[in-house]
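> sequence plus the predicted model coming up.
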Amino acid sequence: MVVFESLPTQSLKQTRLEYYNELSTYTYEHYQESLGPINSVFSTPIYTIHNWKQYSTGTHSNIGKEIEQVLVNYSLSKNIFSERGHDDIIIGDKQIEIKSSKDNFIQSHLQTSFCINSPNKFYCFVTNTSLPDLTLRIISSEILYYLSLGDIIVNELETTGVSSTLETQLKEGLDSMDFYPLLDSLIRTGHYEKATNSFKIGNKIRVRFITQIELL
């Protein structure tokens, strides 16, 4: 169970990579029971799979899908049940969503999903997929949920199931969006002019809108 007040906070001197290393260490210190079979596969908070390509099988549409299969195969090589899901993998009975990057930095774009307040879901942040050895760190979804939304919104949601603070932030953020000039310049000139397409909510969340044009 996460204790919000004891969670590591990111210092101004820390990179996101260093901070997520701390969050992974915190996960391994406070979520041993919840980690269960994950800990049997990845026994340390910052874990390296050497020569990871040896665990790659099949063909994949992108590197992210390949990494998913690699982690499934690596888990199976440790005699731990694992399979791919729709947007994640399962190790034992634990759900893991994977975010990977080819270099030594954290890919924190969640796209169209968000962390859930559950001790049984985890995120796996994988780095250095362009190298022979890749590094991963496992972080509880519950931790990311608390840190991202902040204690005020979390406390409101846990107390009543709704958050007036979150509602206000969402309304103000959407009101600040300026879609008209963005779309107008795109249609008239073929490219974007600078316009607001994102806003912040909670403690560590940026909501970003990406416009796509489709020919019918």
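Sure thing, it's come through. Residues are numbered from 1 along each chain as shown.
> find the nearest non-adjacent residue to Y31, please.
When the adjacent residues along the chain are set aside, Y31 lies closest to S140, with 5.3 Å between them (Cβ to Cβ, 6 or more residues apart in numbering). The way it works is simple: take the backbone N, C-alpha and C, and place the C-beta from them, glycine included.
> most remote residue from the middle of this protein, which is it?
R188 (36.4 Å; Cα atoms, centre = their mean).
> circling back to that earlier point, contact partners for the residue nearest to Y31?
Taking Cβ atoms under 8 Å, 6 or more residues apart in numbering, we find S140 in contact with 2, 27, 31, 34, 119, 121-123.
> sorry, back to before: now the phi/psi pair for the residue farthest from the centre of the chain, please.
phi -80, psi -40 (degrees, to the nearest 10).
> for F122, see how far away I153 is.
To F122, I153 is 22 Å away according to Cβ to Cβ, to the nearest Å.
> try N155
Distance from N155 to F122, by Cβ to Cβ: 23 Å.
> looking at the two, which is more packed in?
F122 (26 against 14; other Cβ atoms under 10 Å).
> which strands and helices sit next to whichever strand or helix holds the more buried one?
In the assignment (DSSP states H and E), F122 maps to strand 121-127. With contacts taken as 3 or more Cβ pairs under 8 Å, 6 or more residues apart in numbering; DSSP states H and E, strand 121-127 sits against helix 16-30, strand 94-100, strand 134-140, helix 141-149.
> L166 is in contact with L149, correct?
Yes - in this structure L149 lies within contact range of L166 using Cβ atoms under 8 Å: 7.3 Å.
> what's the overlap in contacts for those two?
Residues touching both L149 and L166 by Cβ under 8 Å, 6+ apart: 157, 202.
> look up how far I80 lies from P37.
Taken as Cβ to Cβ, the span from P37 to I80 is 5 Å.
> if you could redo that for L182, that was the one I meant.
Note on L182: its distance to I80, by Cβ to Cβ, is 48 Å.
> got the buried residues for the helix or strand of the chain with the lowest mean pLDDT?
Taking mean pLDDT, DSSP states H and E as the measure, the chain has helix 179-189 as its least confident helix or strand, at a mean of 83. For helix 179-189, a neighbour-count test (16 or more other Cβ atoms under 10 Å) marks L182 as buried.
> run the chain-centre distance for whichever helix or strand comes after that helix.
Using DSSP H and E, the next helix or strand after helix 179-189 towards the C-terminus is strand 198-201. Using Cα atoms, centre = their mean, to the nearest Å, the mean C-alpha position of strand 198-201 is found 17 Å from that of the whole chain.
> and for stretch 208-216?
With Cα atoms, centre = their mean, you get 23 Å for stretch 208-216.
> and stretch 146-166, by the same measure?
Relative to its chain's centre, stretch 146-166 lies at 19 Å (Cα atoms, centre = their mean).
> would you put the C-alpha positions of it in CSV?
Only the C-alpha atoms of stretch 146-166 are listed here, as CSV (Å, rounded to 0.1, in the frame of the first residue of the first chain):
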residue,chain,number,x,y,z
TYR,A,146,-0.9,9.4,-6.8
LEU,A,147,2.1,11.3,-8.0
SER,A,148,0.4,12.4,-11.2
LEU,A,149,-2.9,13.6,-9.8
GLY,A,150,-1.6,15.0,-6.5
ASP,A,151,-2.9,14.5,-3.0
ILE,A,152,-5.8,17.0,-3.2
ILE,A,153,-7.5,15.3,-6.3
VAL,A,154,-6.7,11.8,-5.0
ASN,A,155,-8.2,12.5,-1.6
GLU,A,156,-11.4,14.0,-3.2
LEU,A,157,-11.7,11.0,-5.5
GLU,A,158,-11.2,8.5,-2.6
THR,A,159,-13.7,10.4,-0.4
THR,A,160,-16.6,11.0,-2.8
GLY,A,161,-15.7,9.4,-6.1
VAL,A,162,-15.5,12.8,-7.8
SER,A,163,-13.1,15.7,-7.7
SER,A,164,-14.2,19.3,-8.0
THR,A,165,-10.5,20.3,-8.3
LEU,A,166,-10.1,18.0,-11.2
